[in-house]
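*Asks:* What follows is a predicted protein model with its sequence.
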Amino acid sequence: MYASSCFHTTFLGYLLSSLQAAKTMNWRRLCCCIYQEKEDGNKENNKSRDYPWEIYTLKEILHATNNFHNDNKIGEGGFGSVYWGRTSKGVEIAVKRLKAMSAKAEMEFAVEVEILGRVRHKNLLGLRGFYASGDERLIVYDYMPNHCLITHLHGQLAADCLLDWPRRMSIAIGAAEGLAYLHHEANPHIIHRDIKASNVLLDANFQAKVADFGFAKLIPDGVTHMTTRVKGTLGYLAPEYAMWGKVSESCDVYSFGILLLEIISAKKPLEKLPGGVKRDIVQWITPYVQKDAFDHIADPRLKGKFDRAELKSAVMVALKCTDSNPEIRPSILEVVEWLKGSVGRRRKEVTNIEHMLEEDGDNETDTDLEGFRMAKSEVRRKWAR
């Protein structure tokens, strides 16, 4: 893990206290102080340390992105835009440019830089550096030539069907391993809170990289869950989190289960039916599981080219992840083991949940949360406390 001695007081705390002290502070100086050791803060010495970051000037980023030219834009969201760029050394980069400065945007910028400064894993998007001065907040990442997973499932690359079955399972395992690092190896542990297809990027070899840590939470040792304002995306949110703001590592597991079903089926997490009714992906998939009609769950674009045993196993893993009771959901480490098929107990633990589906499957109705399954009454009482 990559963490500097400057994090005795976390960088996030430093940023936030600085914000409160002076909104107009020179962020460039703040960024530089993190890298400075004694009197020498040049780039060559920085590269000899464990820091994954580089110090960028605005001039360098403008040159790399052709002044944030629209032709360089590769993504856009509520936070702002992402641009492709090429540095003077020929390195391809992606630059997230925050749309407007606000307390919310400042917080998400601080959180993302804080989290990315703490972690380094083959299945997490790498931070190359950042720039912050005046009204500009820029985060520089490794460029992912195969873009994000959502473009292959629902977007402009979906028709090309570049994701065959082995590649889909590799992406699912990679995303789970990145999440396992956050939950079990990072110190303190990290809850992502926004696991979804658009936040899984794909490198040149289609290796998954979990991205976008603006909503992430650091979890102190001994804390099992926290109550917080709900963040994330409809369709992926665990019931106890969506309804009561109870967030835990299990919430990420739920979101991953939805993502896994999405990878398998290429169905969206929430589907709008005639009459304005919305159905979530678990509701859609349940009748096929009950009828043992797993072939109907697979993305039709695969044209039947998938391992049926792996398909069934992956679907059942996803259903375990999306159990309405957070205490019954597996840890993400168990999910990784099951998906890799490396433990003998997988079949026993994963394949015998049809009775749960028979009890709950036919009675599910849309709720005010637009398709989220309601937790059982005893679970609701427990989590409402």
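*Replies:* The structure has been received and is ready for your questions. Residues are numbered from 1 along each chain as shown.
*Asks:* State the phi and psi torsions of residue 216.
*Replies:* As for residue 216, its main-chain torsions (degrees, to the nearest 10) stand at phi -60, psi 150.
*Asks:* Ignoring the adjacent residues along the chain, who's closest to it?
*Replies:* Of all residues not flanking residue 216 in the chain, residue 115 sits nearest, at 4.9 Å (Cβ to Cβ, 6 or more residues apart in numbering). Quick note: C-beta positions are derived from backbone N, CA and C, even for glycine.
*Asks:* Please tell me how far the one you found sits from residue 264.
*Replies:* Distance, residue 115 to residue 264, by Cβ to Cβ, to the nearest Å: 29 Å.
*Asks:* my guess is residue 150 contacts residue 202, does it?
*Replies:* No: between residue 150 and residue 202 there is no contact under Cβ atoms under 8 Å: 10.5 Å.
*Asks:* neighbour-wise, which of those two wins?
*Replies:* Using other Cβ atoms under 10 Å as the criterion, residue 150 and residue 202 rank with residue 202 on top: 23 against 18.
*Asks:* quick one: that one from residue 316, how far?
*Replies:* Distance of residue 202 to residue 316, given as Cβ to Cβ: 25 Å.
*Asks:* List the buried residues in the helix or strand harbouring residue 243.
*Replies:* Assigned by DSSP states H and E, residue 243 belongs to helix 239-244. Within helix 239-244, the residues scored as buried using 16 or more other Cβ atoms under 10 Å are 239, 240, 241, 242, 243.
*Asks:* what's the answer for stretch 260-274, then?
*Replies:* For stretch 260-274, the neighbour count (16+ other Cβ under 10 Å) marks 260, 261, 262, 263, 264, 265, 266, 267, 268, 269, 270 as buried.
*Asks:* Then the second one would be within a helix, right?
*Replies:* Yes: looking at residue 261 with DSSP: H, G, I helix; E, B strand; the rest coil, it is inside a helix.
*Asks:* Where do the strands of the stretch 1-150 of the chain begin and end?
*Replies:* Counting by DSSP state E, counting those that start in this stretch, the segments of the stretch 1-150 of the chain that form strands are 54-55, 73-77, 80-86, 92-98, 127-133, 136-142.
*Asks:* same question for the fourth one, mean pLDDT?
*Replies:* Yep, that's strand 92-98 we're talking about. When pLDDT is averaged over strand 92-98, the result is 93.
*Asks:* do the same with the shortest one
*Replies:* Summarised as a single mean, pLDDT over strand 54-55 is 75.
*Asks:* With the third one instead?
*Replies:* This predicted structure assigns strand 80-86 an average pLDDT of 93.
*Asks:* what angle do that strand and strand 73-77 make?
*Replies:* Relative orientation of strand 80-86 with respect to strand 73-77: 160 degrees, computed using axes from the mean of the first three to the mean of the last three Cα atoms, to 10 degrees.
*Asks:* Can you pull out the low-pLDDT segments for the stretch 201-350 of the chain?
*Replies:* 221-225, 342-350 (pLDDT under 70).
*Asks:* run the last query once more with 50
*Replies:* For the stretch 201-350 of the chain, applying pLDDT under 50 flags the ranges 342-349.
*Asks:* still on that earlier bit, going toward the C-terminus from the helix holding residue 243, what's the next helix or strand?
*Replies:* Going down the chain from helix 239-244, the next helix or strand is strand 246-247, by DSSP H and E.
*Asks:* which outside residues touch that following strand?
*Replies:* Contacts of strand 246-247 from elsewhere in the structure, counted by Cβ atoms under 8 Å, 6 or more residues apart in numbering, are 191, 193, 217, 225, 226, 227, 228, 240, 241, 326, 383.
*Asks:* So which of the residues you listed is the closest to residue 108?
*Replies:* Checking these against residue 108 with Cβ to Cβ, the nearest one is residue 193 at 11.4 Å.
*Asks:* Need the pLDDT of the closest one.
*Replies:* On the pLDDT scale, residue 193 is placed at 93.
*Asks:* List the contacts of residue 65.
*Replies:* Applying Cβ under 8 Å, 6+ apart to residue 65 gives the contacts 72, 83, 84, 85, 95.
*Asks:* Quick one, which of these are buried?
*Replies:* Counted by 16+ other Cβ under 10 Å, those give 72, 83, 84, 85, 95 as buried.
*Asks:* Give me the residue at the spatial middle of the protein.
*Replies:* Nearest to the geometric centre of the chain sits residue 195, at 3.4 Å (Cα atoms, centre = their mean).
*Asks:* For residue 319, see how far away that one is.
*Replies:* Residue 195 is 17 Å from residue 319, where distance means Cβ to Cβ.
*Asks:* how deep is residue 201 tucked in, by neighbour count?
*Replies:* Each residue near residue 201 was counted by other Cβ under 10 Å, and the total is 26.
*Asks:* so it sits right up against residue 145, yeah?
*Replies:* No: assessed by Cβ under 8 Å, residue 201 is found out of contact with residue 145, at 9.7 Å.
*Asks:* For residue 62, give its distance to residue 118.
*Replies:* In this view, residue 62 and residue 118 are 29 Å apart by Cβ to Cβ.
*Asks:* More neighbours: the two, which one.
*Replies:* Neighbours per residue, other Cβ under 10 Å: of residue 62 and residue 118, the larger number sits with residue 118, 24 against 16.
*Asks:* Run through the residues that contact residue 170.
*Replies:* Residues in contact with residue 170 (Cβ under 8 Å, 6+ apart) are 206, 207, 208.
*Asks:* What's the biggest helix in the protein, counting residues?
*Replies:* Longest helix in the chain, counting residues (DSSP state H): helix 165-184.
*Asks:* Toward the C-terminus, what is the element adjacent to it?
*Replies:* Beyond helix 165-184 on the C-terminal side, the first helix or strand identified by DSSP H and E is strand 189-191.
*Asks:* what helices or strands is that following strand leaning on?
*Replies:* helix 165-184, strand 217-219, helix 249-265 (3 or more Cβ pairs under 8 Å, 6 or more residues apart in numbering; DSSP states H and E).
*Asks:* quick one, which of these is nearest to residue 276?
*Replies:* Here helix 249-265 is closest among the helices and strands packed on strand 189-191 (Cβ to Cβ), at 21.5 Å.
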